[in-house]
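Chemist: sequence first, predicted coordinates after that:
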Amino acid sequence: ETNKDDVEKECDKFKKPTLTARIPAKKSTLHKYLQQKKLDNELNSAEQSANSESIVETTNEVEEVETKQIETNKPKLITLPYTEPDWKGLAIAKYQLEELKSGVIERTIDLRKKSYFSFGRADVCDICMAHPTVSRFHAILQYRDVEDGENGKGFYLYDLKSTHGTFLNKYRIKPNVYARVKVGHMIKIGCSTRFFILQGPAEDEEEESPLSLTDLKAQRLAEMEERKRKEEEERLLEEQERERQERLLEERGISWGMGEDADEETDLSENPYAQITNEELYIDDPKKALRNWFDREGEELTFDIEKAEKGMFVAKVVLPIDDGDGREIIIEMTGRSKKESQLQCSLEACRVIDKMGLLRPAKREAKKQQKRNWEENDYYDSDEDSFLDRTGDLDKKREKRMRKAGKIQDTVETYDSLMGKHKIVLEKLETAERKLNHLLEDMEVANVEQSEEDMDELDAYMKTLKQKKPQKMDIKVAKDSVNKLQEEEAHLRKLINITKPANIPELI
């Protein structure tokens, strides 16, 4: 008992503290497994929900892309570039269009369903074709229901500016122009081998020509020949005009720059207001105006008419005036008939005279003064010198001026007078040939002597001066004289053979 009491006393001295909270027990392995499985399930459910949201988003994006692609791939609506005119309408009569290929009717198209039918390669065309030369929208076959003067009811073909054209009866029609299509006419689109023939009532057929096939061929050939003739005439006129311009340039010669820079004194006797052309004075009757002008100048109007190629006529008239260089003015024009050529020549002559200010009586005093000046200067111009002229042109000009002034009278030649002139020309020709041969011999001898002797250039030059070696200009003048005399002799011989009596042989 004493021990128990001692123990109790000791226990009272050493009390253990007590805890009010419950000390958790250790978790078992099964509990841990269940907790981990629960967490895994929660994680899997969260991932599945996220994946489902992303799938929904991607499917929505794919659907949007597919709809956009479908919208872009959807073909655009192509419209026909054609507007019907006000006179459109539906055909009441039975019109059909037969499509032929290799002589066989492929199909027949009823033309009463619509007022117009389109040809082309596009799918929206009424008559779709696959030939590569056919445009997408090629042509239109339009029916006209309202008559308008020359344009009656019926079908008209309209080309939509196609590349290879639209053909009606093998003739290409103009683009954007309505061409009448009669029953029986044939239509060809581009270079396609298919043909379309319009079938319909007999009232719409083209009237048959009373001419036979041979007559139609002859008429066609005549039209082609007429067209070729007109083209040839135009080409001939152009060539003649070009040759005339070249001939005028050659006759004008070289001015050596004197004509452009020379300052001439102003002629106060001319009326400056008369330089204006007045075609209304002579355009109605140019021949009468030209004849009146010739009468006023004291000259006689004569036309020199010659027949040219291809049925053309050439009219030539010499005006009694000179140009600035003292040469006579010759007007030459062509026409299909003599009368037309004369009218054209008269009109051109009036224009030339009017431009020079001589058509109206404003320069008559100057004309008379010019005639007096020619006579005072012995019918030479002030700048003409016969001493320096080696061609003889100045003498010819002087002779023409004297003939115009009436100083030289034209004489009628006879056979005897022509024979006398021919004899004189033969003598002159013989003398000129002898002179030319003498000059050529002297030139040859001088060249031989100069080549044989061995001397310096100065001695050779001095020797040629002493020997009077013929110059090249002298030889050229002698050759020109011989050529002119030969031409004159040939001309006289031709005239003699024309005027000779029948019992006298011809000159050869």
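Modeler: Cool, the structure landed.

Chemist: the helix or strand containing Glu399 - contacts with which helices or strands?
Modeler: Taking DSSP states H and E as the criterion, the element that holds Glu399 is helix 393-405. For helix 393-405, the packing partners by 3 or more C-beta pairs under 8 Å, 6 or more residues apart in numbering; DSSP states H and E come out as helix 364-376. In this view, the C-beta of every residue, glycine as well, is placed from N, C-alpha and C.

Chemist: show me what counts as buried in the helix holding Glu399.
Modeler: Within helix 393-405, the residues that count as buried by 16 or more other C-beta atoms under 10 Å are Leu394, Lys397, Arg398, Lys400, Arg401, Lys404.

Chemist: which other residues reach stretch 199-213?
Modeler: Contacts to stretch 199-213, defined as C-beta atoms under 8 Å, 6 or more residues apart in numbering, come from residues 93-98, 108, 154, 182-185, 216, 219.

Chemist: first-to-last residue distance for that stretch?
Modeler: 24 Å (C-alpha to C-alpha, to the nearest Å).

Chemist: show the pLDDT at Pro470.
Modeler: Taken from the predicted model, the pLDDT recorded for Pro470 is 58.

Chemist: and Ile173, what are its phi and psi?
Modeler: The main-chain torsion angles of Ile173 are listed as degrees, to the nearest 10 and equal phi -90, psi 160.

Chemist: what count of nearby residues applies to it?
Modeler: 19 (other C-beta atoms under 10 Å).

Chemist: tell me which helix or strand the nearest residue to it once chain neighbours are set aside sits in.
Modeler: By the measure of C-beta to C-beta, 6 or more residues apart in numbering, the closest residue to Ile173 outside its immediate chain neighbours is Ala179, 4.4 Å from it. In this structure, Ala179 sits in strand 178-181 according to DSSP H and E.

Chemist: beyond that strand, next helix or strand please.
Modeler: Following the chain from strand 178-181 toward its C-terminal end, the next helix or strand by DSSP H and E is strand 186-189.

Chemist: and stretch 124-138, average pLDDT?
Modeler: Regarding stretch 124-138, the rounded mean pLDDT is 93.

Chemist: now the strands for the stretch 1-150 of the chain?
Modeler: Using DSSP state E, counting those that start in this stretch, the strands of the stretch 1-150 of the chain run over residues 96-101, 104-110, 116-120, 127-128, 139-144.

Chemist: could you check the angle strand 96-101 makes with the last one?
Modeler: Going by axes from the mean of the first three to the mean of the last three C-alpha atoms, to 10 degrees, strand 139-144 is angled at 160 degrees with respect to strand 96-101.

Chemist: what's strand 139-144 packed up against?
Modeler: Contacts of strand 139-144 with other secondary structure elements, assessed using 3+ C-beta pairs under 8 Å, 6+ apart, are made with strand 116-120, strand 154-159, strand 186-189.

Chemist: for the shortest one, same thing?
Modeler: With contacts defined as 3+ C-beta pairs under 8 Å, 6+ apart, the secondary structure elements packing on strand 127-128 are strand 116-120.

Chemist: who does the strand it packs on pair up with?
Modeler: Taking DSSP bridges as the criterion, strand 116-120 forms sheet pairs with strand 127-128 (parallel), strand 139-144 (antiparallel).

Chemist: name the surrounding residues that touch that strand.
Modeler: Strand 116-120 has contacts (C-beta under 8 Å, 6+ apart) with 80, 82, 84, 88, 97, 109, 111, 124-129, 134-143, 160, 166, 189.

Chemist: make it 7 Å
Modeler: Contacts with strand 116-120, where a contact means C-beta atoms under 7 Å, 6 or more residues apart in numbering, come from 80, 84, 88, 111, 125-127, 129, 134-143, 189.

Chemist: one more: stretch 121-135?
Modeler: Contacts of stretch 121-135 with the rest of the structure, by C-beta under 7 Å, 6+ apart, involve 78, 80, 109, 117-120, 136-137, 162-164, 189-192, 194.

Chemist: residue contacts, Val482?
Modeler: By C-beta under 7 Å, 6+ apart, the contact set of Val482 is Leu429, Ala432, Glu433, Leu436.

Chemist: quick revisit: any idea which of the strands of the stretch 1-150 of the chain is most buried?
Modeler: strand 139-144 (a mean of 24; mean count of other C-beta atoms under 10 Å).

Chemist: okay, it in PDB with CA atoms only?
Modeler: Once non-C-alpha atoms are left out, strand 139-144 reads as follows in PDB (Å, rounded to 0.1, in the frame of the first residue of the first chain):
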ATOM      1  CA  ALA A 139     -22.800  36.700-134.600                       C
ATOM      2  CA  ILE A 140     -26.500  37.400-134.200                       C
ATOM      3  CA  LEU A 141     -29.400  36.300-136.400                       C
ATOM      4  CA  GLN A 142     -32.100  39.000-135.600                       C
ATOM      5  CA  TYR A 143     -35.700  39.100-136.800                       C
ATOM      6  CA  ARG A 144     -37.200  42.400-137.900                       C
END
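
Chemist: the inter-axis angle of it versus strand 154-159?
Modeler: Going by the same axes, to 10 degrees, strand 139-144 makes 150 degrees with strand 154-159.

Chemist: re the thing from before, which members of the contacts of stretch 121-135 are classed as buried?
Modeler: Neighbour counting by 16+ other C-beta under 10 Å classes 80, 109, 117-120, 137, 162, 164, 189-190, 192, 194 among the contacts of stretch 121-135 as buried.

Chemist: can you list the domains in this protein?
Modeler: Structural domains assigned to the chain are 96-202, 279-356, 415-449+459-499, following the TED database.

Chemist: tell me who's in contact with the residue nearest to Thr414 when sequence neighbours are not counted.
Modeler: Counting by C-beta to C-beta, 6+ apart, Thr499 is the residue found nearest to Thr414 once chain neighbours are left out, at 6.9 Å. Residues touching Thr499, when contacts are defined by C-beta under 7 Å, 6+ apart, comprise Thr414, Tyr415, Leu418.
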